[in-house]
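Novice: I need the structure of the sequence given here:
(2 chains)
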Amino acid sequence: MSNLLDLLVAGLATGAIYALVAVGFTLLWQTSQTINFAQGEFVMLPAFLMLAVMHAGAPFWLAIILGILLSLLLLGLGFKLLLVDPMLRHGVLPLAIATMALAIGMKEAVKQFFSAEASPFPSIVPAGDVSILGRVVSLQSLGVLALAIAVVIGLTALLNRTSIGHQMQATAQNPTVARIIGVPVERMILLTFLINAFLVALASLLITPIYLAKFSSGEVLGQAAFIAAIVGGFNQVRGAIAGGLLIGVVDNLAAAYVSTQYRAAVPLILLIVIILFRPQGLLGRPEERTV
Amino acid sequence: MRSGIFAGLLLATVSAGAAFAQGAPIKLANVAELSGGGATVGNNWKNGIDLAIEEVNAKGGLLGRKLEVTHADSQSNPGVARAQVQKALDNEPYVLLGPGYSGSVKVTSPLAAEAGIAQIMGGEAAELTQGGNKFLFRTSFGQQSSMPKVAKYINDELKAKSVAIVWVNNDFGKGGRDVITKEFAKYNIKIAADISTEAGQADFAADVSKIKAAAPDAVFVYVNEEESARMLKELKRQAITVPLVGETTLVGQKVVELAGDAANGARGHVGLTTDAPVDLVKAFREKFVKKYNYVPDHNGLKGYLAIYMIKATTEKMGKVDSKAFADNLHGLTIKAASEPGILMDVTFDEKGDIDRQGFLVEIVEGKQVVKQVLPKLN
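Specialist: Numbering: from 1, shown residues only, chains lettered A, B, ... in the order given. From the prediction side, this is the model:
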């Protein structure tokens, strides 16, 4: 039982990071029908941007700020203007393939200009332990979980309780009608790209101290977050959050109680079951499109 | 004026000819893990090779001929390694260097043997030299040499009665796990948990939870460098306080750099360390740091030694003969007094395994501290 508590805390902490990344998947899909297969690499890159700033002599806090700003610029604005806008007019599939190419390009560029080896990355949560229900629990796990939950709550509040959030939802639901009623659709779409860039930068900040900064570290994350988004519901932010947490916990429980070798298969089996019996995802809504 | 330039060129040609009197360079081929999970291994190995070649060439080369090496990236993938080795052998190198991963050595060594080219590699899996391959040579101890020392240390010094084993599910990890399990049985040490992990694994939370539940007296960690660092961090995060023991990969320089404070207290047996209390090793470390601006791990030493193994063997033969190279290295003892580049006295047996002094180390405040020197057997 005590082992189960450890696994749940660790699984939720990892799952919360998956959720941040998965939310980005759903936001981009809802507002611009973009499936970003470079989302994992989007999590990898901010850590290297922060490391580059630190190598230039800046303190960690400044590196975080500059790293997030650079991520907004490159992974938000640059991604939309230079890749999504030109490719989207050719359809969803060419854009998806273009993001795959982008993922490879980003990995190779980091390998070329930084290093093929892993690098250490400082943690924003201090090391140490706290006692919960008589069990020693890592402060870092709790910190990651708390921060990720705070961001998710903030994002949900932004979407549901603010005018901008309502405009973004209107853009996602029907851009033509939204435009007629005066919603600045293009600006809302850009905003979702910037929010996605912020979320991946934050995920990078939280996960890299554990996974280490490495050019290939986005592969696992991207796949897990993609599965989480589908399992939870690709067209619902709350679905992506639930999917992320679920995949994090299932992954940890599978590694502990099934086998480490098959841990990667268990979320995929879950994905297949969801697609077969509830294609819209656990919390998603059925979507119909004209072709 | 024109005749002056011509005379200058002639003089330069004659000078170069004096340095490398017998013309054509000696070609070596290196296939290593320059990217992927083993990038730390491969890049250290490559840099060690380059440093040694630079030194040998600066002193007039080998038997008056310059050494040249080509580096190919196996991407830490045995399939790619095999293709790269085949390509390298097609160019008929004098000696093949690498790879570092045992799995890659396993699939490439038959190719080198078939070509009759000696292969000096970094793999440590016990089985590599047990198959009768007469062309394969180690640069460090195989698991059959190192694991008995680790098991003895856990029994005699730590007095552990139960141990959790964490190993990476590849040829290297499985080989180590099999040997240490047999050694533990000799001491009646119970295996509290037997945990296999995957190469390149990022999340060790579940594995450490299993260790926590098993409550062992010590944990034996046998995974590659980057995974070692992630494992140590997770062990610290989950407040595991029992002794953490490993072999070379747990206590390497890169692991210390990546794991930070979490590496403190980790102990292990190392065949090669730049913290060894040996003057020639210290001098090597200084040269390496000066050239590459970082402290190498044991793989840097392995790459460096590989070149001096070639130098000593070739000088003993008195000729560059790739077909006779392997025969001459078998049974050879190279003394550091006569060949300082070999750093410590070493003997190669008929299987290509080595006998050399080893070390028991502990990470203290981010540094490898040698606790015990284990002498050369013969």
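Novice: Close to chain B: what parts of chain A are there?
Specialist: A:2-3, A:6-7, A:10-11, A:13-14, A:111, A:115-120, A:127, A:129, A:136, A:138, A:140-141, A:209-212, A:214, A:216-217, A:220, A:251-256, A:259-261, A:263 (CB under 8 Å from any CB of the partner chain). In this view, the C-beta of every residue, glycine as well, is placed from N, C-alpha and C.
Novice: Now a PyMOL select for only the buried ones of these.
Specialist: To isolate the buried ones among the residues of chain A next to chain B in PyMOL, judged by 16 or more other CB atoms under 10 Å in any protein chain shown, type:
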select buried, chain A and resi 3+6+7+10+11+13+14+111+115+116+117+118+119+120+129+138+140+141+209+210+211+212+214+216+217+220+251+252+253+254+255+256+260+263
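Novice: where does chain B have low pLDDT?
Specialist: Along chain B, segments meeting pLDDT under 70 span B:1-22, B:377-378.
Novice: Domains in it, by residue range?
Specialist: B:7-141+B:277-356, B:144-270 (automatic domain parsing).
Novice: okay, those, which one's buried deepest?
Specialist: A comparison of these by mean neighbour count, using mean count of other CB atoms under 10 Å in any protein chain shown, puts domain B:144-270 on top with a mean of 22.
Novice: Tell me how far that domain lies from the chain's centre.
Specialist: In terms of CA atoms, centre = their mean, to the nearest Å, the centre of domain B:144-270 is set 19 Å apart from its chain centre.
Novice: Can you get me the start-to-end distance on it?
Specialist: 13 Å (CA to CA, to the nearest Å).
Novice: check whether that domain contacts chain A.
Specialist: Yes: Domain B:144-270 lies within reach of chain A by CB under 8 Å from any CB, at B:169, B:195-198, B:200-203, B:205-207, B:209-210, B:212-213, B:226, B:229-230, B:233-234, B:236-239, B:254, B:257-261.
Novice: What about the residues you listed, which are in strands?
Specialist: Among the residues of domain B:144-270 next to chain A, DSSP state E puts B:195-197 in strands.
Novice: and the nearest residue to residue A:45 once chain neighbours are set aside, how far is that from residue A:20?
Specialist: With sequence-adjacent residues excluded and distances taken as CB to CB, 6 or more residues apart in numbering or on different chains, residue A:45 is closest to residue A:106, at 6.0 Å. Residue A:106 is 19 Å from residue A:20, where distance means CB to CB, to the nearest Å.
Novice: same question, residue A:278
Specialist: As judged by CB to CB, residue A:278 and residue A:20 stand 23 Å apart.
Novice: Which of those two has more residues huddled nearby?
Specialist: Neighbours were counted for residue A:278 and for residue A:20 using other CB atoms under 10 Å in any protein chain shown; residue A:20 has more, 30 against 14.
Novice: Was I right to think the more buried one contacts residue A:150?
Specialist: No: assessed by CB atoms under 8 Å, residue A:20 is found out of contact with residue A:150, at 11.0 Å.
Novice: which residues of chain B fall in helices?
Specialist: Taking DSSP state H as the criterion, chain B carries its helices at B:2-19, B:39-58, B:78-90, B:102-115, B:143-156, B:171-186, B:205-214, B:225-237, B:253-259, B:279-292, B:298-317, B:322-329.
Novice: Alpha carbons only: can I get the shortest one in PDB?
Specialist: So the one you mean is helix B:253-259. Coordinates of each C-alpha in helix B:253-259 appear next as PDB, following Å, rounded to 0.1, in the frame of the first residue of the first chain:
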ATOM      1  CA  GLN B 253      33.000  11.500 -14.200                       C
ATOM      2  CA  LYS B 254      30.100  12.100 -16.500                       C
ATOM      3  CA  VAL B 255      27.700  10.500 -14.000                       C
ATOM      4  CA  VAL B 256      29.100  12.800 -11.200                       C
ATOM      5  CA  GLU B 257      28.600  15.800 -13.500                       C
ATOM      6  CA  LEU B 258      25.000  14.800 -14.400                       C
ATOM      7  CA  ALA B 259      23.800  13.600 -11.000                       C
END
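Novice: which secondary structure elements does it contact?
Specialist: Contacts defined by 3 or more CB pairs under 8 Å, 6 or more residues apart in numbering or on different chains; DSSP states H and E place helix B:253-259 against helix B:225-237, strand B:367-374.
Novice: So which bits of the stretch 1-150 of chain B are right by chain A?
Specialist: Within the stretch 1-150 of chain B, the residues that sit near chain A (CB under 8 Å from any CB) are B:34-36, B:39-40, B:43.
Novice: so the longest helix anywhere in chain A versus helix B:205-214, what angle?
Specialist: When chain A is parsed with DSSP H, its longest helix is helix A:2-32. Relative orientation of helix A:2-32 versus helix B:205-214 (axes from the mean of the first three to the mean of the last three CA atoms, to 10 degrees): 170 degrees.
Novice: ok, then the element right after helix A:2-32?
Specialist: helix A:39-55 (DSSP states H and E).
Novice: in that next one, what's buried?
Specialist: A:39-54.
Novice: So what's the residue count around the closest residue to residue B:141 other than its chain neighbours?
Specialist: Using CB to CB, 6+ apart and skipping the chain neighbours, the partner closest in space to residue B:141 is residue B:271 (4.2 Å). When neighbours are counted by other CB under 10 Å, residue B:271 registers 26.
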